[in-house]
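Peer 1: Generate coordinates for the sequence data below:
(chains A, B, C and D)
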4 protein chains.
Amino acid sequence: MGERVTEPADHPVIRPSINAVAATYDLAVTDPALAAARSELMGGTVNRFLHVTTSADDVVAQNKMQRRLGQLTGTCFQRCVGMDAINSLYSLTFDVDAANGTAYHDRFRVWLTEVQRLNLVVGGAMTDVKGDRSKGPSQQADPDLFVRVVERRTDGIVLRGAKAHQTGCINSHWIVVMPTMRLTAADRDWAVVAAIPVEAEGLTYVYGRQSCDTRAMEGDIDAGNATYAGQEALIVLDDVFVPWEHVFLDGEHEFAAELVERFTAYHRRSYVCKAGVGDVLIGAAALIAEYNGVEKASHIRDKLVEMAHLNETIYGAGIAASHESHPTPAGNWENDGLLANVCKHNVTRFPYEIARLAQDLAGGAMVTLPSQADFAHSEIGPLLEKYFAGKSGVPTEWRVRVLRLIENMTLGRNAVGYLTESMHGAGSPQAQRVQIARQMDLDEKKAFARRLAGIDG
Amino acid sequence: MGERVTEPADHPVIRPSINAVAATYDLAVTDPALAAARSELMGGTVNRFLHVTTSADDVVAQNKMQRRLGQLTGTCFQRCVGMDAINSLYSLTFDVDAANGTAYHDRFRVWLTEVQRLNLVVGGAMTDVKGDRSKGPSQQADPDLFVRVVERRTDGIVLRGAKAHQTGCINSHWIVVMPTMRLTAADRDWAVVAAIPVEAEGLTYVYGRQSCDTRAMEGDIDAGNATYAGQEALIVLDDVFVPWEHVFLDGEHEFAAELVERFTAYHRRSYVCKAGVGDVLIGAAALIAEYNGVEKASHIRDKLVEMAHLNETIYGAGIAASHESHPTPAGNWENDGLLANVCKHNVTRFPYEIARLAQDLAGGAMVTLPSQADFAHSEIGPLLEKYFAGKSGVPTEWRVRVLRLIENMTLGRNAVGYLTESMHGAGSPQAQRVQIARQMDLDEKKAFARRLAGIDG
Amino acid sequence: MGERVTEPADHPVIRPSINAVAATYDLAVTDPALAAARSELMGGTVNRFLHVTTSADDVVAQNKMQRRLGQLTGTCFQRCVGMDAINSLYSLTFDVDAANGTAYHDRFRVWLTEVQRLNLVVGGAMTDVKGDRSKGPSQQADPDLFVRVVERRTDGIVLRGAKAHQTGCINSHWIVVMPTMRLTAADRDWAVVAAIPVEAEGLTYVYGRQSCDTRAMEGDIDAGNATYAGQEALIVLDDVFVPWEHVFLDGEHEFAAELVERFTAYHRRSYVCKAGVGDVLIGAAALIAEYNGVEKASHIRDKLVEMAHLNETIYGAGIAASHESHPTPAGNWENDGLLANVCKHNVTRFPYEIARLAQDLAGGAMVTLPSQADFAHSEIGPLLEKYFAGKSGVPTEWRVRVLRLIENMTLGRNAVGYLTESMHGAGSPQAQRVQIARQMDLDEKKAFARRLAGIDG
Amino acid sequence: MGERVTEPADHPVIRPSINAVAATYDLAVTDPALAAARSELMGGTVNRFLHVTTSADDVVAQNKMQRRLGQLTGTCFQRCVGMDAINSLYSLTFDVDAANGTAYHDRFRVWLTEVQRLNLVVGGAMTDVKGDRSKGPSQQADPDLFVRVVERRTDGIVLRGAKAHQTGCINSHWIVVMPTMRLTAADRDWAVVAAIPVEAEGLTYVYGRQSCDTRAMEGDIDAGNATYAGQEALIVLDDVFVPWEHVFLDGEHEFAAELVERFTAYHRRSYVCKAGVGDVLIGAAALIAEYNGVEKASHIRDKLVEMAHLNETIYGAGIAASHESHPTPAGNWENDGLLANVCKHNVTRFPYEIARLAQDLAGGAMVTLPSQADFAHSEIGPLLEKYFAGKSGVPTEWRVRVLRLIENMTLGRNAVGYLTESMHGAGSPQAQRVQIARQMDLDEKKAFARRLAGIDG
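Peer 2: Okay, the predicted model is just below:
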């Protein structure tokens, strides 16, 4: 908002997003079976967000950790992009080397081992700002609208461009930039993968606004969820130098599509985190029904069941994708792509319906409650206390708090993560439809139909 | 937010809600065929919001005016409650008099004639704060949780209680309080209808917070729709005196349910205003698609069609209800109740889906855009200008403005009106289902089925 | 089924479809206010199916008659196509004459007057068999795949081609053929409208199969609705001669698209008949719930409400379209096109959901009941009577009959009309989307959005 | 239909249902990895339908076999009930013995070992005819409306009652009867599980009618899928004697609810078979689009993607349930109950939408095609051949065959399995909602919400 934030950790708007990342560290301590893993690379226990999967169970464990963190934070905890980037680059660099005789894989392993050792946060940066969407990188009027190599030196490369709405980047230690789409031979300079320390020279971050973001500065109640929030920012790369040891792809444009597909395969089933966030919202809806004295009404009960049903449908497709993992030539495990796309596609629909039902149960007070300051006001406060009373035995403040939480998750700051990010994160709905179209194997299905219809053709 | 606002019209958060009401005056001037009508009562032309309907066409004209104002303001313009209260009280007072020999109808006509003459804004106040929802007014621990008569004097009555989330009340000249539910003989003191000047002694208004409300103080772009907004407040009646000439029901508890049904019959088809608001959102979604250069893509086009289809489905049921009006014994016209409930019930669903599709077309930038202050920043501004460019020829600011408008309507301040008010205004979804259950005439339908199935029973 | 039917009225499969048409005659007698009208043309009272509308109320009355007949027959009564063809040709011939100086309109009036006088059934035949759908009439390998003029003589024209799945054609006295799509100058010979007596030389009808059609020959119970059914047939025109006085368009290809749009505008809101059929199905679902003793269960009740809500949503958009009629230059009245398309588009969705809910309430017995012959069997019958008993006091046969009716309407013979015809009749879903896209006026909507977003462009 | 069928295998209506069961034998031979398993009980390879699961992978393999058989038959192959009964009884008998010191488990193992050795078909019979659904077994006017023990002898028990709509029972070698609901102490005589040879004295089967069943006698084309079909029948037990060695529960009413829950946990995820049937329907829809020349149209393509998305969503939840299996005290593996209920609940919705979309792509010809006999007719046949031509190079018969297949699956004989059985098999929708309500753990969800809202309570 026009100001330079020198110490992000102290800024009331930014702090909740840091807390959410902190939860990923805490969980590795309090529940290591869920959130830590034995790394063969580093030869010790690492945070699961930095782990290279070695089995289908490992891939499934990511999902269980994600759901749990969604339950604990009610928001986006921002580390999945990095986890999924690590696993997709692990196998991709191996495949590039196998095809081209390059040495990216070892470089990547060296870097990753160090990251594991220091237990750092890695942000994955894929989405370019794109400019005119009907044109590719090399066709844009301004070549910087996709991140590209502007100079190749003996000691490394220089990058220019910008990555849009990067989740959690200001809370990261490293940013890994990756291409965002299929590239042609003309796009060679845009086919680059590189790890960059978050404080590298030439990097600028512009913090994105979220709905109701400034409520963080108005007390804990009106914020709804005062502790946790997500974060997105624009990252501008103004001629950032990257030494060769942190470059994991440079010019192999023919692997860009494969990288995107592999990354999104992981990342689209990572959206089971929203089932964890959904658990919070379902709980909040059940709470307000309880506080209003209507929890036993059949239509209320039925809506809670519908919310849970939709929420578990998301989860089901996600963990199914993970359970159906297969090993890659590099040795790590990768989940099923079709089911991952199906999972994410449901995520672009069901949280909106769950949010709608939560608003139904909340009642109109959710959007007309007076402010926290009014409740604290010497004259007005007692009036509000009197008139916002619910079921006897339930403090009015509890009603207010849970209504603010529902507002937070369906209209406010965490609605950004629960709704809009559910729509566009890991690719917009149409991107999933394109993948489903590719993977649904219509030819096999037609053959089944021809056989049963008695068609010899 | 803890402060007393002495001049609401100057407050940046309140002003947009006043502008929305002002639009109802302007339209009566610029398009009198749509927004004005000849009043037999007053013997002249009145704003349609104050008009007593004299034909089915009059009832339909209300809907057309409502849709138009939705298109012009993109929000709730707050006068429908009063209009629907006027029309339902017009016939109800007539019926009460016919049954009981009272003289409410003439009183009401006298008051209304004066209101028409002065061209005032009338707010209807129905929703009580309710307390424990499993109990009626006389059963509550605190009898004030529903507005009631605490004293009857020779010159009038004294009222105490509160009305929750009252749309536009601070922008009104008169408030008409009405009971909110079916009442029993024990609830006699709660069976009261009365008109009260908005500045009457004993009235306190507590302004409700809306999502992103404080953006109104941060410049015009981030607000999304800087000109117009809705307004809700809690009205506390602390022993407010009402002279007899403004009392239109007092103790006739047996008419409370009928009043609620009659008022909601009008008010539930008044929600075609949301089709007007939907027009704005569809237009905004089409604009961002155009600015991104993807308006011709078949899946984009298809989503716009779906949005329009849902939007017109709302409108269709609403105007069908109005066209199917019938005259009341009092002489004014009242719309079909079943179709009005069907209209409103669709309003609790389709705006959410339209909003979801709008977010789909908007892309993730809608919730990650930097602030207006960042765009204006001397150093950061040019970077943002460069990297948020879309299709050539479209200023970056246009993209930002339309994205902020979509945010405003799907998460921000006007999402309160377009979504949550669509859910709960004029009664929550279950209230419509109860009415549909009553009016769907299952017995007749069973008879049709028995006849065709050959069942003699 | 390979046999020539010399007397259709005696054939058990065909008879129910004749009964459905007969109901349209009966209703004009028993409820003339609903199903008859004063014709200015003929100077007397005519069946409403033959009436040229002279007011918006007339157009609405068609809808009310249609819903009523749906309730009475539970199926397609087949006369709407003719009614809608009459009204669209009435204005179209007028417009063609005005543009080209032809004399079609008078010819059409003369023919129609005679049809009214004799109270005949007119079938409208629009849908060609189409062949390769990516090609127009003149581009097909076989020019006969769209009906065309193969010869022009001094006394008339000769037609060749076929019309597919023609509703009720064998129950008609006259068939009016019309072009099915926008035509180019090269398609001049396909731009023909003509009335043909149903027994004209050269006409062949091939009766289409319907699901469970042969149950009509197995007793009244298993048929579900033994009295009424729809009918579709292929009509082959093998060089059929039409005298000039029955030719209402010949070569004016530029009016083909307009005719299709005008006809479908009428016909798409004619699908409110399905709300009448829906009433029967809702009634049947309520009956089986009653017979099973579960009618009061909240989830059962809730599903009935949902069915009614969807059903009335269809009806609302339909009669809204009719109420919003406008006069044509020819003097008859035509309904709103956008709302008509919206109505029909909902018809391609909601009956399927209503049918799904009906199957939910029906329970599995609906598709596993033994045959009528088993119930009548001396040994098996008593066992079935014992074990298919429901709530005490309800004869087992009643349960069976209502289950068979639900089967009839959701899988059987009348599912053809209630579901598949709802999908494709009056144009498939995509045809409505194309029309909605044309009529939704995105430019106006964009202007609303620009104004509120503060975009000067 | 009133006749006694002495040799079911020769009856044209019954034969397709036998073919479907035969496919389960064939697959064990052609793809043993999928459809056979090593049995520890029998000490050899058995058909997977008879196998007691020994790992989560075993449980998942059932799903993969089920989907495959759905693809191969396009219908219900009828053996899942037995498979799921075997696995639920395996653990339940163990638990009953542990609690009560009975010896059911060993008895059950002995019987099952023999069944495995002989490779027989086991039908599970759970659903009673129920009478008045508001009453339990012992409260019915007629005590036989639930299957019960009418006599206990030294050598065994005597059973009376009936089981409704039993899938594949006439194609089975053994029937295992089980209670259908939670039982009270008063219902002791109804708490019985027993295996009965299908030809046991006292058993009567009454074959249920299916939509379009008699088409099986009218040639292969009109049947749509002439080879495969499902089968349901009423089984009447008229004092059937069962020796003790085939009795696996007798009187332990307190285990009835647990058995139902355990059986439905298995059986509700068994409905992934419908994803296999869905593959056929999606293939058929793609075929007709291809034959009509419109497969590349974006709206056609989009509908196929939607169908696949819904189909895989079903599959995802199903295999997720299986992957998340846990071992029982008896040693076999049981899947997750919540996800199984979620899977089945989606099965009550999505096949209906997939079928609707298939009808959309099919076009109206699906329900108006002339009969096979007409196509074969010397005079009419060539006309039909000419006028039902589609894209050049595609025989008209292919179009007809694939349209008949879609009819078969959405209205005809296999719609019974794909739609109505999807609704009611393994419990009607409300039964899943009750289970989801039980298992969704609202208390935990509320705790998450309280924590984030800052509520100390």
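
Peer 1: at contact distance from chain D, anything in the longest helix belonging to chain A?
Peer 2: Criterion DSSP state H: the longest helix present in chain A is helix A:298-323. Yes: counting by C-beta under 8 Å from any C-beta of the partner chain, contacts between helix A:298-323 and chain D involve A:301-302, A:304-305, A:308-309, A:312-313, A:315-321, A:323. C-beta: built from backbone N, CA, C; applies to glycine.

Peer 1: any bit of that helix sitting next to chain C?
Peer 2: Yes: with C-beta under 8 Å from any C-beta as the criterion, chain C is reached by helix A:298-323 at A:298, A:299, A:302.

Peer 1: would you list those residues in JSON lines and tack on neighbour count and pLDDT?
Peer 2: Converted to JSON lines, the residues of helix A:298-323 next to chain C look like this (neighbours: other C-beta atoms under 10 Å in any protein chain shown; pLDDT from 0 to 100):
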{"residue": "A:298", "neighbour count": "12", "pLDDT": "96"}
{"residue": "A:299", "neighbour count": "18", "pLDDT": "97"}
{"residue": "A:302", "neighbour count": "17", "pLDDT": "98"}
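
Peer 1: Show me which residues of chain A sit near chain C.
Peer 2: Listed as neighbours of chain C in chain A under the rule C-beta under 8 Å from any C-beta: A:298, A:299, A:302.

Peer 1: check contacts around the closest residue to the first one other than its chain neighbours.
Peer 2: Taking C-beta to C-beta, 6 or more residues apart in numbering or on different chains as the measure, residue A:298 lies nearest to residue C:298, with 3.8 Å between them; neighbours along the chain are not counted. For residue C:298, the contact set (C-beta atoms under 8 Å, 6 or more residues apart in numbering or on different chains) comprises A:298, A:299, A:302.

Peer 1: Kindly reformat those residues as JSON lines and extend each row with distance to residue C:55.
Peer 2: What follows is the contacts of residue C:298, written out as JSON lines (distance: C-beta to C-beta, whole Å):
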{"residue": "A:298", "distance to residue C:55": "47"}
{"residue": "A:299", "distance to residue C:55": "43"}
{"residue": "A:302", "distance to residue C:55": "46"}
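
Peer 1: is stretch A:356-371 anywhere near chain D?
Peer 2: No: for stretch A:356-371, no contact with chain D is found by C-beta under 8 Å from any C-beta; the gap never falls below 10.4 Å.

Peer 1: Repeat that for stretch A:324-337.
Peer 2: Yes: using C-beta under 8 Å from any C-beta, stretch A:324-337 reaches chain D at residue A:324.

Peer 1: And that stretch, how far out from the chain middle?
Peer 2: How far stretch A:324-337 lies from its chain's middle: 21 Å, per C-alpha atoms, centre = their mean, to the nearest Å.

Peer 1: Mind exporting the C-alpha coordinates of it to PDB?
Peer 2: Only the C-alpha atoms of stretch A:324-337 are listed here, as PDB (Å, rounded to 0.1, in the frame of the first residue of the first chain):
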ATOM      1  CA  GLU A 324      -1.900 -44.500  -7.200                       C
ATOM      2  CA  SER A 325       1.600 -43.200  -7.500                       C
ATOM      3  CA  HIS A 326       4.300 -44.800  -9.600                       C
ATOM      4  CA  PRO A 327       8.100 -44.500  -9.400                       C
ATOM      5  CA  THR A 328       9.900 -42.300 -11.900                       C
ATOM      6  CA  PRO A 329      13.200 -43.200 -13.500                       C
ATOM      7  CA  ALA A 330      14.900 -40.900 -11.100                       C
ATOM      8  CA  GLY A 331      13.600 -43.000  -8.200                       C
ATOM      9  CA  ASN A 332      11.100 -40.700  -6.600                       C
ATOM     10  CA  TRP A 333       7.400 -41.300  -6.700                       C
ATOM     11  CA  GLU A 334       4.800 -39.400  -8.600                       C
ATOM     12  CA  ASN A 335       1.000 -39.500  -8.300                       C
ATOM     13  CA  ASP A 336      -1.600 -40.300 -10.900                       C
ATOM     14  CA  GLY A 337      -2.200 -37.300 -13.100                       C
END
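
Peer 1: what is the rounded mean pLDDT of that stretch?
Peer 2: Across stretch A:324-337, the average pLDDT comes to 98.

Peer 1: Report the buried residues of that stretch.
Peer 2: Going by neighbour count (16 or more other C-beta atoms under 10 Å in any protein chain shown), the buried part of stretch A:324-337 is A:324, A:325, A:328, A:330, A:332, A:333, A:334, A:335, A:336, A:337.

Peer 1: Which residues are in contact with the nearest residue to residue A:304 once chain neighbours are set aside?
Peer 2: Nearest residue to residue A:304 in three dimensions, chain neighbours excluded: residue A:286, at 5.7 Å (C-beta to C-beta, 6+ apart). For residue A:286, the contacting residues are A:295, A:304, A:361, D:442, D:445, D:446, D:449, by C-beta under 8 Å, 6+ apart.

Peer 1: Quickly note the distance from residue A:286 to residue D:437.
Peer 2: 11 Å (C-beta to C-beta, to the nearest Å).

Peer 1: just residue A:269 next, same as before
Peer 2: Distance from residue A:269 to residue D:437, by C-beta to C-beta: 27 Å.

Peer 1: Kindly report the same for residue A:412.
Peer 2: Applying C-beta to C-beta to residue A:412 and residue D:437 gives a distance of 29 Å.

Peer 1: Residue A:53 now?
Peer 2: Residue A:53 sits 35 Å away from residue D:437, going by C-beta to C-beta.

Peer 1: picking up where we left off before, what distance separates the longest helix of chain A from the middle of the whole chain?
Peer 2: Per C-alpha atoms, centre = their mean, the centroid offset for helix A:298-323 relative to its chain is 20 Å.

Peer 1: Also stretch A:117-135?
Peer 2: The answer for stretch A:117-135 is 12 Å, by C-alpha atoms, centre = their mean.

Peer 1: Next: stretch A:216-225.
Peer 2: 23 Å.

Peer 1: show me where the stretch 251-400 of chain A has strands.
Peer 2: Secondary structure of the stretch 251-400 of chain A (DSSP state E, counting those that start in this stretch): strands located at A:326-327, A:333-334.

Peer 1: Out of those, the one nearest chain B is which?
Peer 2: strand A:333-334 (25.3 Å; C-beta to the nearest C-beta).

Peer 1: list the helices and strands the closest one packs on?
Peer 2: On a contact count with 3 or more C-beta pairs under 8 Å, 6 or more residues apart in numbering or on different chains; DSSP states H and E, strand A:333-334 meets helix A:56-73, helix A:80-100, helix A:256-269, strand A:326-327.

Peer 1: and residue A:427, which of these is closest to it?
Peer 2: With C-beta to C-beta as the criterion, residue A:427 lies closest to helix A:256-269 of the helices and strands packed on strand A:333-334, at 5.6 Å.

Peer 1: Does chain B have contacts with the closest one?
Peer 2: No: in terms of C-beta under 8 Å from any C-beta, no part of helix A:256-269 sits within range of chain B; the closest distance is 13.9 Å.

Peer 1: Just list what that helix packs against, helices and strands only.
Peer 2: helix A:80-100, helix A:298-323, strand A:333-334, helix A:337-347, helix A:429-439.

Peer 1: of all of chain A, which residue lies closest to chain C?
Peer 2: Residue of chain A nearest chain C, by C-beta to the nearest C-beta: residue A:298 (3.8 Å).

Peer 1: and residue A:193, that's in a strand?
Peer 2: Yes: assessed by DSSP: H, G, I helix; E, B strand; the rest coil, residue A:193 belongs to a strand.

Peer 1: my guess is it meets residue A:251, correct?
Peer 2: No: counting by C-beta atoms under 8 Å, residue A:251 is not a contact partner of residue A:193; they are 10.7 Å apart.

Peer 1: Neighbour count for these two, which is higher?
Peer 2: residue A:193 (25 against 19; other C-beta atoms under 10 Å in any protein chain shown).
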